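**Student:** A structural model of the following input is requested.
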Amino acid sequence: MGKGISGAVDGIRAALQRHDKRARPSGLDCALADRIDFLNPEHWDALTHGASFFMSRGYRRLLETHAPSGMSPRYALVYRDGRPIVAVAAQVLEVRGNQLANLPESRVRKKALEQVRTRLLVCGSLVSSGFHGLAFADGEDPALLWHGVAEALYRIRRADRLHGQIDYVMIKDLDDARHASAEPLRDFSYRPLETEPEMAMPVRPHWKDFAGYLADLNSNYRSKAKKVAKQVEEAGYRVERNADAAAHDARLHALYSAVEQRASTRLSALPPGYFGALAALAGPDRLRCTLIRNDQHIAGFITTIKDGTRALGYYVGLDYAVNASVPLYLRLLQSLIEDAIALGCDELSFGRTAAEPKASLGASAHSSHVWLRHRLPAVNALIREVFTRVTPDAAPQRRPFKE
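**Tutor:** Just a heads-up that it's a prediction; the model follows:
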């Protein structure tokens, strides 16, 4: 009994200490902005140099111009003693229940969700997977940096009240190392959630082309890979690498939309013009677009972005009628390996979902986490739906390479 009372007292004391820490000024300063060009460019560049391409000012401008409907950017620079230590890229998104309507559950549940509307503040990118919302100064205490993140997001949320109440704040896509360093967020009522893992694969230095990759596969997986390529060719389709995404933007958007409409959770749909603008900004040294087509039409596409030393499998689009009989998707996944090699990357991220075919190509699962904070203690129906969507299944493990 005594131990139970003591534990309860300790819990109350810890909660009060966390509340006191949240309520006490940190000594940090923040500059907030609704557009990236409203912030000090030298300070932003100093923090984001060497960080993700998606944190660059050029990309942030692009996303401001080609933002998904209902999504508005928010930015912050956090300073300690006049020195910038944290760059924050976030977005406010109004979510309606019909964006979660592709559910296999009952019609009653779907109907109830259609009535739900809330606003989210997301630190990170809703149109890419990865750690694309924060950049930190070197040599600073991680606890101070995450304190700065929490304070900046709090200030953004409070400043945004003229536009409507923000109920939930999310910091997305932390790998295991960043997840461990983010433990100080618990003091600010954030809680972690493990999401679908990232499927990634090292690019071996001796792979000079796709043939080099194939040579490292065991005979069974090599035969399957060659069969996929042969089936696409025999169906009358060819693979067109290094395609001009801007020239085909309308078709790419239509194919992307076909995939997007099938997603169970659809928080942010890219507008027409996005792929062309991205290709113009990134250039061929950073972005590759692969098409599968015949002389009549494009049946599928996939994009690869070089982000530092990693290749990121970005958006894919499919003609599902063709894909029903021709392995378009599998052939497009293979093209990511070709692009990663050609771009000189040392790792390839296939992204999330469809873990089985990616594992068969050599990818393995890497844990990913988000940190969430909600304004009210009770978690409402919408967030419960999101929670059920991101509970990760065990990723398959395959051994396609020679031992």
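**Student:** which ones are touching the closest residue to L174 other than its chain neighbours?
**Tutor:** In space, and not counting its chain neighbours, L174 is closest to H369: 4.8 Å by CB to CB, 6 or more residues apart in numbering. Yep, even glycine has a C-beta here, placed from its N, CA and C like the rest. H369 is in contact with 173-176, 179, 192-195, counting by CB atoms under 8 Å, 6 or more residues apart in numbering.
**Student:** Please enumerate the helices of the stretch 1-150 of the chain.
**Tutor:** Applying DSSP state H, counting those that start in this stretch to the stretch 1-150 of the chain gives helices spanning 2-23, 41-48, 57-65, 107-114, 142-159.
**Student:** Ok, the stretch 151-300 of the chain next?
**Tutor:** Taking DSSP H, counting those that start in this stretch as the test, the helices found in the stretch 151-300 of the chain are 176-181, 210-216, 219-234, 249-260, 274-282.
**Student:** so of those helices, which one's packed in deepest?
**Tutor:** Of all the helices of the stretch 151-300 of the chain, helix 274-282 has the most neighbours on average by mean count of other CB atoms under 10 Å, namely a mean of 20.
**Student:** same for that one, what does it pack against?
**Tutor:** The contact analysis (3 or more CB pairs under 8 Å, 6 or more residues apart in numbering; DSSP states H and E) places helix 274-282 against helix 57-65, helix 249-260, strand 287-293, strand 298-307.
**Student:** Neighbouring strands of the shortest one in the sheet, and parallel or not?
**Tutor:** Here the strand partners of strand 287-293, with direction, are listed using DSSP bridges: strand 238-240 (antiparallel), strand 298-307 (antiparallel).
**Student:** Give me the distance between the shortest one and the centre of its chain.
**Tutor:** Read that as strand 238-240. Taking the mean of its C-alpha atoms, strand 238-240 sits 28 Å from the chain's own mean (CA atoms, centre = their mean, to the nearest Å).
**Student:** With stretch 270-280 instead?
**Tutor:** 17 Å.
**Student:** begin at 28 from here
**Tutor:** OK, 28 is where the count begins now, so the last one is stretch 297-307.
**Student:** okay, it in CSV with CA atoms only?
**Tutor:** Extracted in CSV, the C-alpha atoms of stretch 297-307 (Å, rounded to 0.1, in the frame of the first residue of the first chain):
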residue,chain,number,x,y,z
LEU,A,297,-0.1,17.1,-54.7
PRO,A,298,-1.5,19.5,-57.3
PRO,A,299,-0.8,19.5,-61.1
GLY,A,300,2.5,21.0,-61.9
TYR,A,301,4.4,19.7,-58.9
PHE,A,302,6.5,17.1,-60.7
GLY,A,303,7.5,19.4,-63.5
ALA,A,304,8.5,22.1,-61.0
LEU,A,305,10.4,19.6,-58.9
ALA,A,306,12.4,18.4,-61.9
ALA,A,307,13.3,22.0,-62.9
